[in-house]
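Colleague: Kindly return the folded structure for what I paste below:
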Amino acid sequence: MSSLLEVATPPSAPPKPTTKSGPRYADSLLHNTSEVLLYKSPSHRSFFTTAYILGGALLAGALNWNLVVSSLEGANEAKQGSWSSYLVSGANNLSTVVVIFFSGVLIMSPWRLVRTISLVAGKAGVDGSKRPLLHFRMKRSLPFIKDRIVTKSPSGVFLDRRVSAIDINFNSVAMKDSAAFTQTFASPAPPMGRSRNFMFRGWNTLWRDIRRMAYREGIAYVQIDGEGRWKLDLQSCAMLEEGRVLERLTLANKGSEQAVTGLVAWLRRLSQA
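Modeller: Take a look at the predicted model:
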């Protein structure tokens with residue numbers, strides 16, 4: 001598999017935007033095959049584990065702190081009913097709500113992730129021609145549950161940015177190797193730059209997952225009609241032709257968020273889980 005993949009570091013300056021290419025381009029990709037794999041996510045086992053452990057610990061800590069402060073306030077009969085008691089109780093409850101919100105953000109960060117995206121030939125129409133469709137395999141938020149399968153026309157799928165222009169490392173597969181790449185859809189994309197040092201590798205993995213949880217580093221969003229918004233994890237993923245094939249099929253988005261930066265963009269990414 002390593003012979004099929006090459007590390008792609010996209011340019012920091014995005015190329016000029018293009019519009020959706022229409023069915024002719026999709027038909028050309030399916031000329032000699034019935035399925036072409038476009039995107040494959042990396043393994044998210046450590047991501048799920050880190051998010052659930054850190055988020056759960058933060059949630060438990062917030063609730064425990066609230067109970068401790070409330071019990072101390074209740075035990076102090078002299079201050080009950082005073083302004084200071086109300087202020088302490090209000091500050092305690094407000095801080096608990098804020099911490100619970102951020103713990104929820106951490107816990108939900110690995111939810112609604114796309115595992116694979118493929119271009120498939122749909123059922124033949126009246127004229128005998130097959131309609132190209134995008135086939136999604138969605139990861140579940142809990143283990144040991146089968147992936148959710150969604151099939152949509154490319155006209156109903158929208159990316160929020162140019163994935164080939166994001167300045168992050170991922171695996172790129174050349175078009176000539178697309179057939180072999182499609183056969184590997186069941187396995188996650190191989191890790192990149194894997195260190196032999198266990199401690200160093202563990203620290204890098206933890207720091208990467210924290211960045212994913214805190215500000216959704218390397219996450220793009222895909223809007224699917226009737227299915228809502230889902231996440232594409234671009235960090236260490238595998239994409240055909242650096243993601244340009246996926247862009248040509250889906251990039252006619254409903255208002256790009258690429259130019260939105262700063263606090264507003266950060267809060268928006270968090271609110272989208």
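Colleague: which residues of the stretch 101-250 of the chain fall in helices?
Modeller: With DSSP state H, counting those that start in this stretch as the criterion, the stretch 101-250 of the chain has helices at 178-182, 198-215, 244-250.
Colleague: Would you mark the buried spots in the second one?
Modeller: So the one you mean is helix 198-215. Across helix 198-215, burial judged by 16 or more other CB atoms under 10 Å covers 205, 208-210, 212-213. Placement of C-beta: from N, CA and C, glycine included.
Colleague: Lowest mean pLDDT across the helices of the stretch 101-250 of the chain, which one is that?
Modeller: Mean pLDDT values for the helices of the stretch 101-250 of the chain show the minimum at helix 198-215, a mean of 83.
Colleague: Could you give the number of residues near residue 98?
Modeller: Residue 98 has 11 neighbouring residues, counting by other CB atoms under 10 Å.
Colleague: just how off-centre is the helix or strand hosting it within its chain?
Modeller: Taking DSSP states H and E as the definition, residue 98 sits inside helix 83-108. Using CA atoms, centre = their mean, to the nearest Å, the mean C-alpha position of helix 83-108 is found 28 Å from that of the whole chain.
Colleague: mind listing what's buried in that helix?
Modeller: Applying 16+ other CB under 10 Å to helix 83-108 flags 88, 92, 96, 99, 102-103, 105-108 as buried.
Colleague: for stretch 136-152, same thing?
Modeller: Across stretch 136-152, burial judged by 16+ other CB under 10 Å covers 136-139, 150, 152.
Colleague: gap between it and the chain center?
Modeller: On CA atoms, centre = their mean, the centre of stretch 136-152 falls 13 Å from the chain's centre.
Colleague: and if you look at stretch 216-235?
Modeller: Stretch 216-235 sits 5 Å away from the centroid of its parent chain (CA atoms, centre = their mean).
Colleague: rounded to a whole number, what's the mean pLDDT of it?
Modeller: pLDDT averaged over stretch 216-235 gives 90.
Colleague: returning to what we had before: mind picking the two most distant members of the buried residues of helix 198-215?
Modeller: Using CB to CB, the buried residues of helix 198-215 reach their maximum pairwise distance at 205 and 213, which is 12.6 Å.
Colleague: Next, find the distance separating the nearest residue to residue 33 once chain neighbours are set aside from residue 185.
Modeller: Leaving out its chain neighbours, the residue that sits closest to residue 33 by CB to CB, 6 or more residues apart in numbering is residue 179, at 6.7 Å. As judged by CB to CB, to the nearest Å, residue 179 and residue 185 stand 12 Å apart.
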